[in-house]
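Visitor: what follows is a predicted structure for the sequence shown.
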Amino acid sequence: MKKVILLSLLFVTTMSLSGISSAFGLAEALKQPTYKTKKDADKANEVKEVKKSSEVKALETTIADWANAFNNKDIETLMSFYDEDSLYASPDLGLIKGSENIKVWYETFFSEMDGTLKYEQESITEKGGVGTIVLTFYLESTNSDKAEVTFKGRSMLVFKKKFLGDWLLLSSMVHAVH
């Protein structure tokens, strides 16, 4: 828990122009409930589905497109979602700064990756051109007859809206779940 708090503080202090807006987005995402079962989350999401703004729907489409590029190991499309100053943080890797360094990490990761990324969205918020998504994810191995989870984690993604409406990934904080 201390690592997550430290990474959150590090993120908030390193953001430049959208630092204050990102802090509000982070605070909003952390207010969202974490459900004990998928059934509870599904029930809550049914109610929320009616109230979703077009921006929230665009964020959901963005994360689905990002996951598709990830699963196809399409590094160029994947990197089109990142801002040049993006941050990637995890307890195992520390902090990776800049889209070029994140790209190098993905190239290495993809050369060793066996599996398909699956995720369940826990919460999504959007305010003032800043969006946050909290999700649980896992890699499901495709190398055997039986689907097998090879890695599980939670992630918080922070996006900013570009002038023409696309969403760029500013920060991704990942924590493995054992």
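Guide: Looks like it came in fine.

Visitor: would you say residue 55 is within a helix?
Guide: Yes. Counting by DSSP: H, G, I helix; E, B strand; the rest coil, residue 55 is part of a helix.

Visitor: what's the closest non-adjacent residue to it?
Guide: Spatial nearest neighbour of residue 55, excluding adjacent residues (CB to CB, 6 or more residues apart in numbering): residue 126 at 4.4 Å. Where you see a C-beta, it was placed from the backbone N, CA and C, and this is true even at glycine.

Visitor: local confidence estimate at that neighbour?
Guide: On the pLDDT scale, residue 126 is placed at 93.

Visitor: that one and residue 60, how far apart?
Guide: Per CB to CB, to the nearest Å, residue 126 is found 10 Å from residue 60.

Visitor: okay, those two: which has more neighbours?
Guide: Set side by side, residue 126 and residue 60 show more neighbours around residue 126, with 22 against 15, by other CB atoms under 10 Å.

Visitor: the more buried one contacts residue 57, correct?
Guide: No. Residue 126 is not in contact with residue 57 according to CB atoms under 8 Å; the separation is 9.7 Å.

Visitor: mean confidence for stretch 157-166?
Guide: Mean predicted lDDT for stretch 157-166 stands at 89.

Visitor: give the buried residues for it.
Guide: 157, 158, 159, 160, 161 (16 or more other CB atoms under 10 Å).

Visitor: show me where this structure has its helices.
Guide: Ranges of helices in the chain, per DSSP state H, are 2-14, 19-31, 38-51, 54-71, 75-79, 99-112.

Visitor: now residue 79. Nearest residue, chain neighbours left out?
Guide: Of all residues not flanking residue 79 in the chain, residue 103 sits nearest, at 5.3 Å (CB to CB, 6+ apart).

Visitor: residue 63 too?
Guide: Leaving aside its sequence neighbours, residue 63 sits nearest to residue 133 (CB to CB, 6+ apart; 5.7 Å).

Visitor: same deal with residue 92?
Guide: Closest residue to residue 92 apart from its sequence neighbours, by CB to CB, 6+ apart: residue 176 at 6.9 Å.

Visitor: I figured the one you found hits residue 153, correct?
Guide: Yes. Here residue 176 reaches residue 153: they are 4.6 Å apart, a contact under CB under 8 Å.
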